[in-house]
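**Student:** Below is the structure, and that's it, no one-letter string:
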């Protein structure tokens, strides 16, 4: 079964519903933060450098090492590298806050990692192209458009709304968050249902093991490089293990438009990421409660 078997109206509505969910989620996050929170990471250069090291150096090297060590299907190889080069996903700070992570660090990293990706992703693709002799490209403008629409614009509007009407912002944050969750489920479930057979077909030949290793190394590297503050460790661990699927899919669509199994591979990564981070989240919550 494919998405084409669904009614044309549903097929057209699914991407719009998912986009609306992301916009609402990030806007809601903006309602709970401030400009000072967003810019706070710039005042912590050591943590900023360690964050970029974990996300933009360690994870691409891990992806390339996994690709070299195992004979994956091309779709899996492409997906791992694309995910490793992608920045923080826009909905991640919500999970980080629930786990006891630092709100200012989470929001600051979301913005700075997104801005950094505008320059980093095209340059990293050029390096990979030279090393592996595979033509790759994604312009800074394409990355900037994704970051602007999924991170900067909705977050900025939320911060602005809070500064103008703080009481109203506090009142509507939770209802909007619930609406965003409903929209996410409404948009994601049909895709998971139709792509499930393709996802199952990718399991084997080390694919699932590689995704698990990729996520666990991300959690470990971020936790270790997060520094002495437990809240910072939580944020960087989740940020290193979690990548922006929109940027990853943009990399793939710009360079490998015929790679039909990449979306199922990315979906498999998202599902495994959600599962594998549960024990870590519970552990960090328990640590926070002990400290409190």
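**Tutor:** Perfect, thanks for sending it. Source: prediction; values computed, not measured.
**Student:** so how far is the helix or strand in which residue 82 is found off the chain centroid?
**Tutor:** For residue 82, the host element (DSSP states H and E) is helix 74-85. Chain-centre distance of helix 74-85: 14 Å, with CA atoms, centre = their mean, to the nearest Å.
**Student:** before we move on, what about stretch 193-212?
**Tutor:** 19 Å.
**Student:** Can you give me the buried ones in it?
**Tutor:** 194, 195, 198, 199, 202, 207, 210, 211 (16 or more other CB atoms under 10 Å). Backbone N, C-alpha and C define where each C-beta goes, glycine included.
**Student:** that older thread, who's in contact with the helix holding residue 82?
**Tutor:** Contact with helix 74-85 is made by 56, 59-60, 62-64, 66-67, 72, 117, 120-121, 124-125, 128, 202, 207, 210-211, 214, 243, 245, 247-249, 251-252, 256, 259-262, 264-266, 269, as judged by CB atoms under 8 Å, 6 or more residues apart in numbering.
**Student:** So how do I select the buried members of those in ChimeraX?
**Tutor:** Here is the ChimeraX command that selects only those of the contacts of helix 74-85 that count as buried (16+ other CB under 10 Å):
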select :56,59,60,62,63,64,66,67,72,117,120,121,124,125,128,202,207,210,211,214,243,245,247,248,249,251,252,256,259,261,262,264,265,266,269
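**Student:** Between all of the buried residues of stretch 193-212, which two are separated the most?
**Tutor:** For those, with distances taken as CB to CB, the pair at the greatest spread is 194 and 210 (24.1 Å).
**Student:** Quick check on residue 124: phi, psi?
**Tutor:** Phi and psi for residue 124, reported as degrees, to the nearest 10, are phi -60, psi -40.
**Student:** do you know how far it is from residue 218?
**Tutor:** 17 Å (CB to CB, to the nearest Å).
**Student:** Same check on residue 255?
**Tutor:** Counting by CB to CB - residue 255 and residue 218 are separated by 23 Å.
**Student:** what sits against residue 228?
**Tutor:** Taking CB under 8 Å, 6+ apart as the definition, residue 228 has no contacts.
**Student:** correct me, but residue 108 touches residue 37?
**Tutor:** Yes: between residue 108 and residue 37 there is a contact under CB atoms under 8 Å: 6.7 Å.
**Student:** pretty sure residue 29 contacts residue 157?
**Tutor:** No: between residue 29 and residue 157 there is no contact under CB under 8 Å: 10.9 Å.
**Student:** neighbour-wise, which of the two wins?
**Tutor:** residue 29 (27 against 15; other CB atoms under 10 Å).
**Student:** Quick check: closest non-adjacent residue to residue 188.
**Tutor:** Sequence neighbours aside, residue 18 is the residue nearest to residue 188 in space, at 6.9 Å (criterion: CB to CB, 6 or more residues apart in numbering).
**Student:** isn't that neighbour right next to residue 185, touching?
**Tutor:** No: using CB under 8 Å, residue 18 is not in contact with residue 185, being 10.3 Å away.
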